[in-house]
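Asks: only the shape, not the letters, is given here:
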Ligand SMILES: [Ca+2]
Ligand SMILES: [Ca+2]
Ligand SMILES: [Ca+2]
Ligand SMILES: [Ca+2]
């Protein structure tokens, strides 16, 4: 007699207990006009107690999805039926023809219990697909068992073949190196979840910075924790290199600790020490105490190249919370530092110090792109065409109504825009077929990667479980 009583108790508390559970659709459907979608997959975050439930669908938006249907483990929404447990919800429908790319319809999926109370209410957005000229898709993650299943992606040429690789780190502690081969991201080294693999890199896995610090043509990673330690990818695995060995007197540690951060770039191409080539990357350390210092690795320790020594009158000081690598915008082989505050300003290293170079001086745009960017919009830096050796600035809006993406580069006297999804008629809110506006409840994340040696950088776009890569359609056009 005890078991039925327990089930009854569960059923009675169901409305309150299950109201926090929702069905999350991920990724949400992006469907071309006039086409159907059949397998939009949602996962229920809770577990329904056994009982009779009724599932309903409603929709709102500028057009009506036809034949809109949902099912729970094959049980089709409609009448009261017996459903139980956790499940995948499958949604399908047909978009009318002649609807506008980027338009969205919100679909609401509800589950009612036998008392007529709402046990779950979930929404998803169905977006009309589109295609903006200028970019083409070269890769889509086919499953979550590869690159897309990892939460962090560190990009660098770790094996020195001229193509950038990806060191991917998962929330469960897997670390895997991926290489672009045969038009796919293939597995290389992996720790297979082991904390002992990789020469001690494991404890640093969530806070790595990437650069070619020793100038040998391969990128290292610098792990920043209570110790700061460099790891080299040699002989098929990660190897322990220089380390602060826990010294709190170490100046790289002091600059990175307690809210400080490290900016990597080839900021100085003149004064590299020792016998290293001029492509050795430096580190700009931004100490929370206000000191901003340039470091360079000399093979056994870090040389102190330059510092503000805490001066509040140096032009960089006002940008100390938001300094980053601004790329090599003029193509001279040397990276600038970009400060993003109320003004955007670049700093160029010359004559033994960082000098103020270019600035918005408070203007509300950069080459027509609104500045400061709203909703944490992306600013990607890298060379995405083959017309020139200058790095572009790629501005991509984020947020629920994101609709612009624009590339900008240095024309010799000012920044000018070259490609924009709005430079076509009709303009659609896409890069290639990637929708800019939020989907599945969140913004996208973006990165640039030189997947092929000597080729332009590709664009990574990621949202929810969807991960794709795009390349410019015409690398000889000016982006
Ligand atoms: Ca490589
Ligand atoms: Ca190196
Ligand atoms: Ca350098
Ligand atoms: Ca370029």
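Replies: Okay, I see it. Because the structure is predicted, anything quoted here is derived from the model rather than measured. Ligands and ions are numbered 1, 2, ... in the order given.
Asks: so what's the residue count around residue 456?
Replies: Residue 456 has 20 neighbours, counted by other Cβ atoms under 10 Å. Bear in mind the C-beta positions are built from the backbone N, C-alpha and C, glycine included.
Asks: and it, that one's in a helix?
Replies: No - assigned with DSSP: H, G, I helix; E, B strand; the rest coil, residue 456 falls outside any helix and is coil.
Asks: for ligand 3, see how far away it is.
Replies: Counting by Cβ to the ion, to the nearest Å, the separation of residue 456 from ligand 3 is 23 Å.
Asks: now residue 367
Replies: Distance, residue 367 to ligand 3, by Cβ to the ion: 28 Å.
Asks: just residue 340 next, same as before
Replies: As judged by Cβ to the ion, residue 340 and ligand 3 stand 23 Å apart.
Asks: list the contacts for that residue?
Replies: When the contact criterion is Cβ atoms under 8 Å, 6 or more residues apart in numbering, the partners of residue 340 are 319, 322, 324, 372, 379.
Asks: by proximity to ligand 1, which residue of the stretch 351-479 of the chain wins?
Replies: The minimum distance from the stretch 351-479 of the chain to ligand 1, using Cβ to the ion, falls at residue 453 (7.7 Å).
Asks: can I assume that residue is in contact with residue 162?
Replies: Yes - Residue 453 lies in contact with residue 162 (Cβ atoms under 8 Å); the separation is 3.1 Å.
Asks: low pLDDT regions in the stretch 251-400 of the chain?
Replies: Counting by pLDDT under 70, the ranges of the stretch 251-400 of the chain that qualify are 273-277.
Asks: what about the strands in it?
Replies: Listed in chain order, the strands of the stretch 251-400 of the chain (DSSP state E, counting those that start in this stretch) span 261-265, 282-286, 292-297, 302-307, 323-327, 336-340, 344-350, 353-359, 365-366, 369-370, 378-382, 392-396.
Asks: give me the helices and strands touching the second one, please.
Replies: With contacts taken as 3 or more Cβ pairs under 8 Å, 6 or more residues apart in numbering; DSSP states H and E, strand 282-286 sits against helix 251-256, strand 261-265, strand 292-297.
Asks: does the shortest one reach ligand 3?
Replies: No - contact check for strand 261-265 against ligand 3, using Cβ under 5 Å from the ion: none in range, with a minimum separation of 8.2 Å.
Asks: so which other helices or strands are in contact with that strand?
Replies: By 3+ Cβ pairs under 8 Å, 6+ apart, strand 261-265 packs against strand 208-211, helix 251-256, strand 282-286, strand 323-327.
Asks: how about those, which one is nearest ligand 2?
Replies: Checking the helices and strands packed on strand 261-265 against ligand 2 by Cβ to the ion gives strand 208-211 as the closest, at 7.9 Å.
Asks: helices or strands up against the closest one?
Replies: Packing contacts for strand 208-211, counted by 3+ Cβ pairs under 8 Å, 6+ apart, involve strand 152-156, strand 220-224, strand 261-265.
Asks: including distance to residue 285 and mean neighbour count, could those go into CSV?
Replies: Output for those, formatted as CSV (distance: least, Cβ to Cβ, whole Å; neighbours: other Cβ atoms under 10 Å):
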stretch, distance to residue 285, mean neighbour count
strand 152-156, 19, 19
strand 220-224, 10, 23
strand 261-265, 6, 20
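Asks: just put the ones you listed in CSV and tack on distance to ligand 2.
Replies: Formatted as CSV, the helices and strands packed on strand 208-211 follow (distance: least, Cβ to the ion, whole Å):
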stretch, distance to ligand 2
strand 152-156, 9
strand 220-224, 5
strand 261-265, 12
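Asks: for the residue lying closest to residue 281 once chain neighbours are set aside, grab the count of nearby residues.
Replies: With Cβ to Cβ, 6 or more residues apart in numbering as the criterion, residue 281 has its nearest non-adjacent residue at 3.6 Å, and that residue is residue 211. For residue 211, the neighbour count with other Cβ under 10 Å is 22.
Asks: you'd agree residue 211 is up against residue 220?
Replies: Yes - with contact defined as Cβ under 8 Å, residue 211 counts as touching residue 220 (6.7 Å).
Asks: state the number of residues packed around residue 259.
Replies: Count around residue 259 with other Cβ under 10 Å applied: 10.
Asks: now it: how far from ligand 2?
Replies: The spacing between residue 259 and ligand 2, counted by Cβ to the ion, is 28 Å.
Asks: could you do residue 88 as well?
Replies: Distance, residue 88 to ligand 2, using Cβ to the ion: 46 Å.
Asks: heads up, I number from 849, so please use that
Replies: Understood, numbering begins at 849; the last thing we discussed is residue 936.
Asks: closest one to residue 1087 among the helices and strands packed on strand 1109-1113?
Replies: Among these, the nearest to residue 1087 by Cβ to Cβ is strand 1056-1059 (14.6 Å).
Asks: check residue 896 and give its pLDDT.
Replies: The score at residue 896 is 82. That number is its pLDDT.
Asks: just list the residues touching the spatially closest residue to residue 1065 that is not a sequence neighbour, thanks.
Replies: Leaving aside its chain neighbours, residue 1065 sits nearest to residue 1008 (4.9 Å; criterion: Cβ to Cβ, 6+ apart). Residue 1008 makes contacts with 1064, 1065, 1066, as judged by Cβ under 8 Å, 6+ apart.
Asks: among those, which are in reach of ligand 3?
Replies: Contacts with ligand 3 within the contacts of residue 1008, counted by Cβ under 5 Å from the ion: none were found.
Asks: which one of those residues is nearest residue 1148?
Replies: residue 1064 (14.5 Å).
Asks: can you tell me the closest non-neighbouring residue to that closest one?
Replies: Excluding the flanking residues, the one nearest residue 1064 by Cβ to Cβ, 6+ apart is residue 1008, at 7.3 Å.
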